[in-house]
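> any chance you can model this:
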Amino acid sequence: MSIIIKNLGKTYDTLESEDKNYILKDVNLTLNKGEFFILLGPSGCGKSTLLNIIGGFIEKSEGILTIDKREIYKPSRERAMVFQHPDASLFPWLNVRENIEFGLKMKGLTKEERNEISDKYIKLVGLDMHREKYPSELSGGMKQRVQIARVLSNDPEILLMDEPFGALDAQTRGILQRELVRIWLETKKTIIFITHDIQEAILLGERIGVMSKSPNASIYKTYDVKLPHYRDVSSKEFNELYRRVQSNFDKEVKWIDSSELVI
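The predicted model follows:
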């Protein structure tokens, strides 16, 4: 599904406001079906707001947002969100299989149909030995795998991922980054993935869109990542691209000198 965003803006001003204060302004982006796109930007720049607008959870204030030429106004099963904290989306009273099958049950699928689909995605995310466990018995990385499997089991066209590995330790994060690439290569879902980590962005994405600071945030620079998966962070090509992205990132994110802090 192609996604087209033109001159999109978002403000939370009331009708009585004389001047508009934009969180996002003049955001332009075109995504092709099956693309793995990274939204990279500093904390608080509006990345999550833009992702929620694409998901249909927040209304845009102006501009155009279409998916396959259809204007987007509300959530849809074709777009699924993966959150940073899986505890917010998993049901603690359901085990791994039951959590993954929840949406399928709501669709009215038979038990046999649900089992067949959940088996596929339990294996895909490497939880075959843990299907009867409850969320309280799982590590953070395993919970995130359950959330990804549940989203994939409902067969959305687009995955919206809001810093899904941000709360994990470095080792688990590295494992899930590789797993996500493997899943994407197998399924060819369209993925929009938010991060503020440049290395993660280059490890995962086909393209990287760098967002400016808020207010009036927009996508001011894009990079094509012409590196084959799986990527080597120590390679010359990887580090050359890292330095290019870092240079632009540093221009946008102005660090506060410690002498200016008031304690």
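
> alpha carbons only for contacts and neighbour counts from here, please
Fine.

> pretty sure residue 213 is in contact with residue 45, am I right?
Yes - contact criterion CA atoms under 8 Å: residue 213 and residue 45 qualify, at 4.8 Å.

> for the residue nearest to residue 94 when sequence neighbours are not counted, give me its contacts.
If the residues on either side of it in the chain are set aside, residue 94 comes closest to residue 134, at 6.2 Å by CA to CA, 6 or more residues apart in numbering. Residues near residue 134 by CA atoms under 8 Å, 6 or more residues apart in numbering: 92-96.

> burial measure for residue 167, as a count.
When neighbours are defined as other CA atoms under 10 Å, residue 167 has 14 of them.

> try residue 82
Neighbours around residue 82, by other CA under 10 Å: 19.

> quick check: phi and psi on the residue nearest to residue 94?
phi -100, psi 160 (degrees, to the nearest 10).

> what comes up buried for stretch 191-207?
With burial defined by 16 or more other CA atoms under 10 Å, the residues of stretch 191-207 counted as buried are 191-196, 198-207.

> and that stretch, how far out from the chain middle?
9 Å (CA atoms, centre = their mean, to the nearest Å).

> then stretch 41-50?
12 Å.

> how about the strands in this structure?
3-11, 22-31, 36-40, 62-67, 70-71, 79-82, 158-162, 190-195, 207-211, 219-224 (DSSP state E).

> and residue 139, which of those is closest to it?
For those, proximity to residue 139 was assessed by CA to CA; strand 79-82 is nearest, at 16.9 Å.

> and the average pLDDT for the closest one is what?
Throughout strand 79-82, pLDDT has a mean value of 92.

> just checking: what are the partner strands of that strand?
Strand 79-82 sits in its sheet next to strand 158-162 (parallel), going by DSSP bridges.

> so what touches the strand it pairs with?
Against strand 158-162 from outside (CA under 8 Å, 6+ apart): 1, 48, 51, 55, 78-84, 189-195.

> residue 20 and residue 61 touch, don't they?
No - Residue 20 lies out of contact with residue 61 (CA under 8 Å); the separation is 10.4 Å.

> list the residues that contact both of those two?
residue 11.

> who has more neighbours out of these two?
residue 61 (16 against 12).

> and the more buried one, its phi and psi?
Torsion angles, degrees, to the nearest 10, at residue 61: phi -90, psi -30.

> quick check: it vs residue 22, distance?
Distance, residue 61 to residue 22, by CA to CA, to the nearest Å: 9 Å.

> same thing with residue 178?
Residue 178 is 36 Å from residue 22, by CA to CA.

> residue 13 too?
Distance from residue 13 to residue 22, by CA to CA: 8 Å.

> tell me which of the two has more neighbours.
Neighbours were counted for residue 13 and for residue 22 using other CA under 10 Å; residue 22 has more, 17 against 13.

> enumerate every residue touching that one.
9-12, 215-217.
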